[in-house]
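> With the input below, show me the fold.
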Amino acid sequence: MSSRFYLPLPTHPDGRKDGHARARRRKLILIVLGAVLVPFAVLGLYQAMPLWKRLEKPLPLVPPENRYLGERVFFRAGAVGSEGIGSALQHFKQSIVLSRALNSTLILASERSEHRYSTSQIYNRGKDTALAINAQNACRLGDHVPKFYRRRLVRGLCAGETWAAEEMEVIRTEMADCTSIVDLDEEKVRPYAAVKPATDRFQSTEDLTGCVQEWVRERLGHATPLERSPLTFPPSRPVTVGVHVRWGDTAGVFSHGGFRGSMGISNIQRVLRDIRAEMGQHGVELTVAMENADSDVLTQLNEPTYTLLDSGDALTDLQALSNNDFLLLGESSYGVLAHLIAPPGLSIVELSGHHKYGNTTGFGRNIVFMNRYKPESLRIGEKQ
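Predicted coordinates for the structure are as follows:
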């Protein structure tokens, strides 16, 4: 019996094999297979073009003119998750980087948070109603930036690597005539420390917060400049301190003076003592942000006077928390946002294994981690 994978061809009635018929049938099979497979092969090459096309044609010396600059919408159709506004950011950092690289305005599809507010509405900041999507020549981002390639490209852009800038120039040229851009990808969040081996850390975007800080400040920052004189050392006015206590989605997770995602009580008390000793000549004004505040927990702070932020308006409370000279924070993503949009000052952070604050020193805002903290760290504005 034949060991071939196809069935034997028919024979003449007298039992002789018809060689000519077999040849004709094989030829016909090859023609049919070619007609079916060639379009798929061409499509596969087209999808891979951004990876190698830069090698075969010169890069434009001048960025191509974009007739839709300032008006073109980058519509993120993929979900951003139902978490709070801090954690949701982890789901669309790539979209932020790519939308800015493509000279377009990012708008998120409608998404509600488990905290009973619309995450997308907060981040869109009115741009979803102010801008219309021009679908005349709408382009899918995935046709130009394959899903398997976008994480590496984004990390390269954030790191300022030459190859990524050159690749992005090619993609910008390809998409210059797109009247709008649709991003269908859903970014899966992988914590930086969870990616093994360490050489594959490009798969995470947790440590790219600094790369999107300017965009976050534009979307979530204060609409009007803050009216407060810069802090000097020694200070000439009361010092303001903001403390974030993560509680809304972790209520009850409290033991041995520690919070999940916030600075521990003992460290909060320690830093507040140091602030009063080093910078408290004109007083210290304390603000505590705690969703679904628990008075029994707040009592353990041992602070008789403070302003409590628990209005139910996530953005308003975030802005009020950030508006302080000093911020006492943990690894909570909400606290990270407060740091990102804060005015000039110092954020003191208790952290364990996360990289959310990577490269976020800027806009006059500095950061020090508790394992390197000392009272002298508080002397911001000190004349050298």
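> ranges for the helices of the chain?
Using DSSP state H, the helices found in the chain span residues 19-52, 85-88, 93-101, 119-124, 127-130, 147-158, 162-174, 213-220, 265-279, 295-299, 314-322, 333-341.
> Would you mind finding the most buried of the ones you listed?
Stretch with highest mean neighbour count among the helices of the chain: helix 333-341 (a mean of 26; mean count of other Cβ atoms under 10 Å). Backbone N, C-alpha and C define where each C-beta goes, glycine included.
> tell me the average confidence for that one?
The pLDDT scores in helix 333-341 average 95.
> Alpha carbons of it, as CSV, please.
Provided in CSV are the C-alpha atoms of helix 333-341 (Å, rounded to 0.1, in the frame of the first residue of the first chain):
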residue,chain,number,x,y,z
SER,A,333,-1.3,53.7,41.1
TYR,A,334,-3.6,56.5,42.3
GLY,A,335,-0.7,57.8,44.4
VAL,A,336,1.5,57.6,41.3
LEU,A,337,-1.0,59.9,39.5
ALA,A,338,-0.9,62.4,42.3
HIS,A,339,2.9,62.5,42.0
LEU,A,340,2.8,62.9,38.2
ILE,A,341,0.6,66.0,38.2
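> name the helices or strands packed onto that helix?
In terms of contacts (3 or more Cβ pairs under 8 Å, 6 or more residues apart in numbering; DSSP states H and E), helix 333-341 is packed against helix 85-88, helix 213-220, strand 239-244, helix 314-322, strand 326-329, strand 345-349.
> now with 10 Å?
helix 85-88, helix 213-220, strand 239-244, strand 284-289, helix 314-322, strand 326-329, strand 345-349, strand 365-369 (3 or more Cβ pairs under 10 Å, 6 or more residues apart in numbering; DSSP states H and E).
> List the contacts of Thr305.
Going by Cβ atoms under 10 Å, 6 or more residues apart in numbering, Thr305 touches Val284, Glu285, Leu286.
> one more time with 8 Å
By Cβ atoms under 8 Å, 6 or more residues apart in numbering, the contact set of Thr305 is Leu286.
> picking up where we left off before, let's have the helices and strands packed on helix 333-341 in CSV, adding mean pLDDT and distance to Ile380.
Compiled in CSV, those are given as follows (pLDDT from 0 to 100; distance: least, Cβ to Cβ, whole Å):
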stretch, mean pLDDT, distance to Ile380
helix 85-88, 88, 24
helix 213-220, 96, 19
strand 239-244, 96, 10
strand 284-289, 96, 14
helix 314-322, 94, 16
strand 326-329, 97, 8
strand 345-349, 95, 5
strand 365-369, 94, 7
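> can you list those in TSV and add distance to Ala132?
TSV is the format used below for those (distance: least, Cβ to Cβ, whole Å):
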stretch	distance to Ala132
helix 85-88	25
helix 213-220	19
strand 239-244	37
strand 284-289	36
helix 314-322	24
strand 326-329	38
strand 345-349	39
strand 365-369	35
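> Quick one, which of those gets closest to Ser99.
Among the helices and strands packed on helix 333-341, the nearest to Ser99 by Cβ to Cβ is helix 213-220 (8.5 Å).
> and the angle for the closest one with helix 333-341?
100 degrees (axes from the mean of the first three to the mean of the last three Cα atoms, to 10 degrees).
> Just name whatever secondary elements helix 213-220 is in contact with.
Packed next to helix 213-220, using 3+ Cβ pairs under 8 Å, 6+ apart, are helix 119-124, helix 314-322, helix 333-341.
> Just send those back as a markdown table, with distance to Ser95 too.
What follows is these, written out as a markdown table (distance: least, Cβ to Cβ, whole Å):
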| stretch | distance to Ser95 |
| --- | --- |
| helix 119-124 | 11 |
| helix 314-322 | 20 |
| helix 333-341 | 17 |
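> Identify whichever of the ones you listed lies nearest to Ala164.
Of all those, it is helix 333-341 that lies closest to Ala164, at 23.1 Å by Cβ to Cβ.
> Distance from that closest one to the middle of the chain?
Put simply, helix 333-341 sits 12 Å off its chain's centre (Cα atoms, centre = their mean, to the nearest Å).
> For that helix, give me every contacting residue.
Outside helix 333-341, the residues touching it (Cβ under 8 Å, 6+ apart) are 84-87, 89-90, 209, 213, 216-217, 220-222, 242, 244, 246, 261-262, 289, 318-319, 321-322, 327, 329, 347, 349, 356-357, 360, 365, 367.
> For Lys127, list the residues it contacts.
Thr105, Ile107.
> Any regions of the stretch 151-300 of the chain where pLDDT drops low?
For the stretch 151-300 of the chain, applying pLDDT under 70 flags the ranges 188-204, 225-226, 248-260.
> can you rerun that using 90?
Where the stretch 151-300 of the chain drops to pLDDT under 90, the residues are 185-207, 222-234, 246-262, 291-298, 300.
> Of the helices and strands packed on helix 213-220, give the one that comes closest to Gly156.
helix 333-341 (22.3 Å).
> thinking again about what came up before, would you reformat the helices of the chain as CSV and include distance to Pro235?
Below are the helices of the chain laid out as CSV (distance: least, Cβ to Cβ, whole Å):
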stretch, distance to Pro235
helix 19-52, 54
helix 85-88, 30
helix 93-101, 36
helix 119-124, 33
helix 127-130, 38
helix 147-158, 36
helix 162-174, 43
helix 213-220, 25
helix 265-279, 5
helix 295-299, 26
helix 314-322, 19
helix 333-341, 21
